[in-house]
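# A predicted structure for the sequence below; I have some questions about it.
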Amino acid sequence: MLSGLRFETAPPQRAVSPDRTDIACFIGFVARRSGTLLADEQREALRAGGWVNGPWARSPQALESLLQLPVALDSWDAFARLFAWEQRPVSASGTARCASLLGAAVRSFFATGGRRAIVIRAGDPFPALETSGGRAANRAARLHALIPAIARPALPSQEALPFDPGDPWLWRGTDHLYALGEVSHVCLPDLPDVCAADPLPPPTAFTPAPPPEVFVECSEDEPALPGDDGLRGVQAPRCDEAGFIAWRDAALEVCSFLTRWSLDMLFVGALPLALADARHDEAAIRTHAESRLLDFLRGVGVLESATAPGDGTGTLGAHFAQIVWPWLRTTRSDDLPESLEPADGVFAGLLARNALLRGTFRSVGGVVLDDVVGLTPLPAAGLGPGNPTEALAERLCVIAPEPEGRTVISDVVSTVDIALRFGGSRRLILAIRRSARRFGEVHCFEPNGPALWATLRRSFEDMLSAFWREGAFAGANAEEAYSVRCDRSTMSQDDLDNGRLIAYVTVLPAAAITRITVVLDMSVGAGAGAQVREVA
């Protein structure tokens with residue numbers, strides 16, 4: 001007898017275009033949902049990746065656990081079917097549950113416009129509230145699950161083992177990015193929580209005074225009042241100064257790995273919230289503006305060294321990462337501590353939607369986020385050209401209140417070099433590099449000679465011409481916008497003898513103007529007129 005029907009909606013599986021620049025990878029802590037089996041297409045994808053058969057095959061139990069395995073998902077429903085994203089324990093001993101930060105980030109990614117994500121489960125989520133010293137005591141192990149390069153185990157009498165691209169059996173967390181060539185953006189939503197200090201306990205519950213007795217008309221079938229799960233009283237993760245330094249070092253390891261092994265990916269991270277006893281706190285930000293936050297980030301070496309201003313060596317200012325600030329209260333975040341979520345999932349979804357609809361090289365500055373209802377801490381607004389948020393927006397991707405709503409006011413990478421900060425230009429270079437890698441994979445066994453050089457030039461010129469027609473490059477004509485050289489002048493005899501093919505590609509990216517300030521100079525006096533100056 002048929003007892004019931006259950007309909008599951010899932011988009012049809014399609015081949016992934018190698019030219020896509022919208023796919024994001026999320027690495028973090030989330031529980032596996034019990035009683036759900038892998039779909040046939042997901043199992044087949046793991047088989048194609050060598051995780052079912054071969055020297056690094058996982059056991060059937062390990063496959064079903066999805067621990068440290070990349071899983072490609074094309075919808076939020078597919079993610080929620082496999083992972084118990086809403087089952088993070090609030091405390092180790094209680095029964096209360098909240099959403100995991102990884103689950104919240106993936107949810108916001110798809111809600112904002114993302115269409116494909118790769119999720120790497122690094123382990124089960126740890127409690128949102130831990131006993132004194134719990135965060136610090138477990139930080140190294142948790143960071144190792146996310147970013148193995150931070151604490152890669154060492155053999156006796158030997159230094160730590162380096163990353164081995166030929167041994168996927170040992171891969172953990174960010175190591176998998178080496179084989180995920182389709183990924184453009186990398187997010188670690190749990191990283192601020194891993195580096196955070198122990199959260200403050202929620203305030204002690206109290207019973208409010210009863211209201212005065214008044215006449216209330218009887219009513220029928222009134223809906224039940226929504227339950228209060230107490231999550232607003234649970235503090236969102238916040239970092240002290242040591243936590244910011246740990247977060248900085250972890251983010252640097254991610255950027256260093258991408259620079260060494262995955263050059264066409266971009267790290268998208270959320271700046272942690274500050275604990276009240278850090279050198280800046282939220283009250284100081286509100287009182288003394290965002291310049292205090294910028295000074296603090298320089299002081300702890302997040303963006304540049306305090307001892308050598310303008311020098312980003314050894315900081316995120318030396319790399320190409322997009323760091324998003326502040327944290328968000330969205331229409332979906334009521335199931336998170338303090339109803340706050342880091343902004344990396346929303347921003348990655350915004351970049352994905354932008355890549356699919358307008359082109360990855362276009363700026364997302366000026367986009368209004370309709371589902372964002374609050375910001376913590378609240379950036380300064382309405383202060384004209386002297387707005388202190390402007391200085392912060394030169395280095396961070398800032399979301400701030402505007403008359404139209406909560407708006408992305410800057411789309412930048414964290415580099416010190418002002419000429420390289422425009423986020424669209426960086427993503428454009430990554431797209432070009434992705435095409436170069438794909439060309440090398442297709443032609444790597446062909447003879448290195450004039451025929452191959454001519455093929456490469458034609459391929460790149462066709463690709464760059466398409467970018468130019470879409471407005472990715474400045475210049476009045478194609479000759480001004482880009483050039484490609486691949487001939488005897490770009491390679492020495494030693495290069496030819498060792499099978500190296502070298503091409504020089506020069507482009508002139510079109511930098512977007514995200515804001516125009518109109519200054520009205522009203523001179524007082526007879527015959528004086530209004531002088532209008534527009535400053536881009």
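That came through, no problem.

# how far does stretch 398-413 sit from the chain's center?
For stretch 398-413, the gap between its own C-alpha mean and the chain's C-alpha mean amounts to 16 Å (Cα atoms, centre = their mean, to the nearest Å).

# and if you look at stretch 47-62?
Distance of stretch 47-62 from the chain centroid (Cα atoms, centre = their mean) equals 28 Å.

# buried set for that stretch?
The neighbour-count check on stretch 47-62 (16 or more other Cβ atoms under 10 Å) flags 49, 51, 57-58 as buried. No exception for glycine: its C-beta is placed from N, CA and C like everyone else's.

# Could you tell me the average pLDDT over it, please?
Mean pLDDT, stretch 47-62: 89.

# send the alpha carbons of that stretch over as CSV?
Extracted in CSV, the C-alpha atoms of stretch 47-62 (Å, rounded to 0.1, in the frame of the first residue of the first chain):
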residue,chain,number,x,y,z
ARG,A,47,34.4,7.9,-8.2
ALA,A,48,35.7,10.2,-11.0
GLY,A,49,37.9,12.0,-8.4
GLY,A,50,39.5,8.7,-7.3
TRP,A,51,37.9,8.6,-3.9
VAL,A,52,36.1,5.3,-4.5
ASN,A,53,38.7,3.2,-6.4
GLY,A,54,42.5,3.6,-6.6
PRO,A,55,45.4,4.1,-4.2
TRP,A,56,43.7,6.9,-2.1
ALA,A,57,40.2,5.3,-2.1
ARG,A,58,38.1,5.8,1.1
SER,A,59,36.3,3.1,2.9
PRO,A,60,32.5,2.8,2.4
GLN,A,61,31.9,4.3,5.8
ALA,A,62,34.3,7.2,5.1
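
# Identify the residues contacting that stretch?
Outside stretch 47-62, the residues that touch it by Cβ atoms under 8 Å, 6 or more residues apart in numbering are 43, 46, 63, 69-70, 167-169, 179.

# among those, which are in helices?
Using DSSP state H, 43, 46, 63 are the members of the contacts of stretch 47-62 that sit in helices.

# Pretty sure the last one sits against residue 46.
Think residue 63. Yes: between residue 63 and residue 46 a contact is recorded at 6.5 Å, counting by Cβ atoms under 8 Å.

# Give the intersection of the neighbour lists for the two.
Overlap of the contact sets of residue 63 and residue 46 (by Cβ under 8 Å, 6+ apart) consists of 38, 52, 69.

# was I right about the last one contacting residue 119?
No: counting by Cβ under 8 Å, residue 69 does not reach residue 119; the two are 9.3 Å apart.

# Next, the contact list for residue 42, please.
Shown in contact with residue 42 (Cβ under 8 Å, 6+ apart): 71-72, 82.

# for those residues, which one is nearest residue 444?
Distance to residue 444, by Cβ to Cβ, is smallest for residue 72 among the contacts of residue 42, at 25.2 Å.

# count of neighbours near residue 124?
Using other Cβ atoms under 10 Å, the number of residues around residue 124 comes to 16.

# circling back: between residue 69 and residue 119, which one's more packed in?
For residue 69 and residue 119, the more surrounded residue by other Cβ under 10 Å is residue 119, and the numbers stand at 25 against 21.

# wait, is the more buried one part of a strand?
Yes: counting by DSSP: H, G, I helix; E, B strand; the rest coil, residue 119 is part of a strand.

# so what's it bridging to?
Residue 119 has these beta-bridge partners by DSSP bridges: residue 26, residue 71.

# residue contacts, it?
So residue 119 contacts 25-27, 30, 70-71, 73, 79, 83, 102, 106 (Cβ under 8 Å, 6+ apart).

# Compile those residues into CSV and extend it with columns for neighbour count and distance to residue 510.
Below are the contacts of residue 119 laid out as CSV (neighbours: other Cβ atoms under 10 Å; distance: Cβ to Cβ, whole Å):
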residue, neighbour count, distance to residue 510
25, 24, 28
26, 27, 31
27, 28, 33
30, 30, 39
70, 21, 34
71, 18, 37
73, 22, 34
79, 23, 36
83, 23, 40
102, 28, 36
106, 29, 32
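
# now, which of these sits nearest residue 95?
Using Cβ to Cβ, residue 30 comes nearest to residue 95 of the contacts of residue 119, at 18.9 Å.

# could you pull out the strands for the stretch 201-350 of the chain?
For the stretch 201-350 of the chain, applying DSSP state E, counting those that start in this stretch gives strands covering 238-239, 266-270, 273-274, 321-325, 327-330.

# So which of the ones you listed is the most surrounded?
Across the strands of the stretch 201-350 of the chain, averaging neighbours per residue (mean count of other Cβ atoms under 10 Å) puts strand 266-270 on top, at a mean of 26.

# Verify the contact between residue 132 and residue 198 for me.
Yes: counting by Cβ under 8 Å, residue 198 is a contact partner of residue 132 at 5.9 Å.

# Quick check: the residue nearest to residue 68 when sequence neighbours are not counted vs residue 57, distance?
Of all residues not flanking residue 68 in the chain, residue 172 sits nearest, at 5.4 Å (Cβ to Cβ, 6 or more residues apart in numbering). Note on residue 172: its distance to residue 57, by Cβ to Cβ, to the nearest Å, is 17 Å.

# circling back to that earlier point, which of the strands of the stretch 201-350 of the chain sits closest to residue 431?
strand 266-270 (10.7 Å).

# chain center to the closest one: distance?
The mean C-alpha position of strand 266-270 is separated from the chain mean by 3 Å, Cα atoms, centre = their mean.

# by how many degrees do it and strand 321-325 diverge?
20 degrees (axes from the mean of the first three to the mean of the last three Cα atoms, to 10 degrees).

# Show me which residues of stretch 368-375 are buried.
Buried positions in stretch 368-375, judged by neighbour count with 16+ other Cβ under 10 Å: 369, 372, 375.

# ok now it, how far from the chain's centre?
Centroid separation between stretch 368-375 and its chain, computed with Cα atoms, centre = their mean, is 18 Å.

# for the stretch 51-200 of the chain, what spans make up the strands?
Assigned by DSSP E, counting those that start in this stretch, the strands in the stretch 51-200 of the chain fall at 70-73, 83-84, 88-89, 97-98, 117-123, 185-187.

# can these go into a markdown table with extra columns for distance to residue 303?
Below are those laid out as a markdown table (distance: least, Cβ to Cβ, whole Å):
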| stretch | distance to residue 303 |
| --- | --- |
| strand 70-73 | 31 |
| strand 83-84 | 34 |
| strand 88-89 | 31 |
| strand 97-98 | 32 |
| strand 117-123 | 27 |
| strand 185-187 | 19 |
